[in-house]
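S.K.: Next comes the sequence, and after it the predicted model I'd like to discuss.
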Amino acid sequence: MTHSTSSSPVFSRRHRWKVLAAGVAANAAFSVAFSGIPMTAVLMRTGYQLDNAALGLVLGLMGLGIAVSELPWGLLTDRWGDRPVLLAGLGSTAIALVAMALWAAPGNGHIPGLGVLGAGLLLVGLLGGSVNGASGRAVMTWFDASERGLAMSIRQTAVPLGGGIGALVLPFVALHFGFAALYGLLALLCALSAAMSWAWVHEPPITPHPKTTEAAAPKTGPLRDVRVWRIVAGIGILCAPQFAVLSFGTVFLHDFGHVGLGTITAAMVFVQIGAMAMRVWSGRWTDRRRNRPAYLRACSALSVVLFAGLAALVMAAGTEAPSPALRGALIALLAVSGVCVSAWHGVAYTELATLAGAARAGTALGMANTSVFLVCFVTPFSIPHLLALQGWPVVWLAASACALVAVPLLVPRKAGPRPGACTADLAQKVAKTALSRST
């Protein structure tokens, strides 16, 4: 059970937008770290003197830390509430990043060992995994069913927003000021977002949506619901091609496409901005049309085609340096593929949280993020081995195959109302009729 809010000040319904803003800030601050640090992969490889295999390992360790901690953080969120989990997680993450700035940054002739760097990134992931489930539960408790898709999608824009900031800023900071300054900047962002959570994130004083809505929630917990596990698996698998772009897209454009750092940065910023715009649009569009499964199916299918097309383009280029026209096509197709495979998150998370019920959204979102960040670990760890096996074509074909596998998992086998939905709709109609008669 969550902590009582009887002693908390009474907030108006408009306060929900401040709660959402604080959730976006928390997710964005941490996303600058876990999505932005891979944008410095080329510089990290040089600064820490790593080969591709070691680079993939350290980039994946932060995702492994998030994966291990997501479900425990989600369970704690459902028990303690959003506010204490966000404050504890963001504060401790800031401290861990300060420690990395002091002891895990190369400089003055000193290069930290692989173990120090890996342990630091793993710890940041373990602590930062708190923000995802806590901010998602806040959305579910403050927003009603007619706004949840939009609100959750806005919250999910924090991931590409942070990634875009990271892609734009972190390579510049690492190149000109070093990795100590980079980790210090990330610590400052986490501390500032913790301050926003302190000021704005509270449990709603009353349930902001009718009690009848809870009739749609299953009696069993998310951990025992097969439908929840199907969506959780689908979300995780469809993240594999996304993480392939985010973790090794810069290396692909640099090593295979012979693209300069400025153009690489622009392409990655485009991916993140495009993902933000698509997440907001898709959340609002699916709220109005009530067609989340169809939208998820379309995103998955289009991702299959785009990544297969990218593999075909790489095979057409062969082993020679690509021509300017082919180089432009590679950049464009990689960017469009990255946007498409990042556009569906808010819709999928809304579908998952609605299925689990608002009171158990923290656990369900923790399950999903565990799946996501296990894939975040496995993907950059696997890519160097795929490269050694058959080169970039097999990397992008594997991404296409993952999107194909995700389609039947994200889309229900049989379309139809959720259990209890008819009862909830009937109850709402009765309530509206009684209200109209009373007025």
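M.R.: Happy to help now that I have it. Small disclaimer: the values here were computed from a predicted structure and weren't measured.
S.K.: In three-state terms, label the nearest residue to Ala158 once chain neighbours are set aside for me.
M.R.: Spatial nearest neighbour of Ala158, excluding adjacent residues (Cβ to Cβ, 6 or more residues apart in numbering): Asn27 at 3.4 Å. All C-beta atoms are positioned from the backbone trio N, CA, C, and that covers glycine. Three-state call for Asn27 (DSSP: H, G, I helix; E, B strand; the rest coil): helix.
S.K.: Can you get me a residue count around Asn27?
M.R.: 24 (other Cβ atoms under 10 Å).
S.K.: does Val173 really touch Tyr183, like I thought?
M.R.: No - in this structure, Val173 is not within contact of Tyr183 by Cβ atoms under 8 Å, at 9.7 Å.
S.K.: Of those two, give the one with the bigger neighbour count.
M.R.: Tyr183 (26 against 21).
S.K.: elements contacting the helix or strand containing that one?
M.R.: Per DSSP states H and E: Tyr183 is located in helix 179-200. On a contact count with 3 or more Cβ pairs under 8 Å, 6 or more residues apart in numbering; DSSP states H and E, helix 179-200 meets helix 15-34, helix 82-103, helix 158-176.
S.K.: buried stuff in the first one?
M.R.: This points to helix 15-34. Buried residues in helix 15-34, counted by 16 or more other Cβ atoms under 10 Å: 15-16, 18-20, 22-34.
S.K.: before we move on, what about the longest one?
M.R.: Applying a neighbour-count criterion of 16+ other Cβ under 10 Å, the buried positions in helix 82-103 are 82-94, 96-98, 100-101.
S.K.: Surely Thr354 is in contact with Arg148?
M.R.: Yes - counting by Cβ under 8 Å, Thr354 touches Arg148, with 6.8 Å between them.
S.K.: Could you give the separation of the helix holding Tyr183 from the chain centroid?
M.R.: Distance of helix 179-200 from the chain centroid (Cα atoms, centre = their mean, to the nearest Å) equals 18 Å.
S.K.: what comes up buried for it?
M.R.: In helix 179-200, counting by 16+ other Cβ under 10 Å, buried: 179-187, 189-191, 193-194, 196-197, 200.
S.K.: Could you tell me which other helices and strands the following helix or strand past that helix packs against?
M.R.: Once helix 179-200 ends, the next helix or strand along the chain (criterion: DSSP H and E) is helix 226-255. When contacts are defined as 3+ Cβ pairs under 8 Å, 6+ apart, helix 226-255 packs onto helix 41-47, helix 52-80, helix 261-289, helix 292-317, helix 324-340, helix 345-356, helix 361-390, helix 392-410.
S.K.: Any chance of the ones you listed in JSON lines with mean pLDDT and mean neighbour count as columns?
M.R.: Formatted as JSON lines, those follow (pLDDT from 0 to 100; neighbours: other Cβ atoms under 10 Å):
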{"stretch": "helix 41-47", "mean pLDDT": "92", "mean neighbour count": "19"}
{"stretch": "helix 52-80", "mean pLDDT": "89", "mean neighbour count": "23"}
{"stretch": "helix 261-289", "mean pLDDT": "90", "mean neighbour count": "20"}
{"stretch": "helix 292-317", "mean pLDDT": "94", "mean neighbour count": "20"}
{"stretch": "helix 324-340", "mean pLDDT": "94", "mean neighbour count": "19"}
{"stretch": "helix 345-356", "mean pLDDT": "88", "mean neighbour count": "26"}
{"stretch": "helix 361-390", "mean pLDDT": "88", "mean neighbour count": "23"}
{"stretch": "helix 392-410", "mean pLDDT": "95", "mean neighbour count": "21"}
